[in-house]
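take this sequence and fold it.
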Amino acid sequence: TNILDLSAIDITLLYKSRWDIEVFFKFLKQELNFSHLINRSENGIMVVLYTTMIAATLLLTYKEINGLKGYKIMKQHFLNELEKLLMKDIVALCGGDPNKVDLLLKIPPK
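Numbering: from 1, shown residues only. Have a look, this model is predicted:
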């Protein structure tokens, strides 16, 4: 570094913090597909980042509640359950019996 007014300990702490940030962004990119930006403005980037972080929080909570291991399995379970719930809502809005969605998907009801 070219910062001469900091001690070696302070510089080490800065690099440690930087590494933690790098690990966090690696998680966002690899596990949550935060690989491209929809918008290049600061506000647009912040919106996408916050939305991704909210999704990460929800997914990690779902993983913990359901005792799942691994991120791919967790995302697949989450998406399957979300799809089933959306199908039930659509069937109910159309005047049908949402309980029959489980029979159609051959999934035992909870």
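
from now on I want contacts and neighbour counts done on CA atoms only, so please keep to that.
OK.

now the residue nearest the centre of the chain: how far from Ser7?
The centroid of the chain falls nearest to Ala56 when counting by CA atoms, centre = their mean (2.7 Å). The gap separating Ala56 from Ser7 is 36 Å, by CA to CA, to the nearest Å.

any idea which element the residue nearest to the centre of the chain lies in?
In this structure, Ala56 sits in helix 42-66 according to DSSP states H and E.

for that helix, list every residue counted as buried.
Using 16 or more other CA atoms under 10 Å as the test for burial, helix 42-66 gives Val48, Thr52, Ala56, Leu59, Leu60, Tyr62, Lys63.

just the residues you listed now: which is nearest Ala92?
Closest approach between the buried residues of helix 42-66 and Ala92, by CA to CA: Tyr62, at 24.9 Å.

so what's that closest one up against?
By CA atoms under 8 Å, 6 or more residues apart in numbering, the contact list for Tyr62 reads Met74, Phe78.

tell me the confidence at Asp89?
Listed pLDDT for Asp89 reads 94.

that one and Pro98 touch, don't they?
Yes - between Asp89 and Pro98 there is a contact under CA atoms under 8 Å: 7.0 Å.

what touches both of the two?
Counting by CA under 8 Å, 6+ apart, no residue touches both Asp89 and Pro98.

and the two most separated of the buried residues of helix 42-66?
Once CA to CA is applied, those give Val48 and Lys63 as the farthest pair, at 22.1 Å.

isn't Asn99 up against Lys88?
Yes - with contact defined as CA under 8 Å, Asn99 counts as touching Lys88 (7.4 Å).

good, wrapping up.
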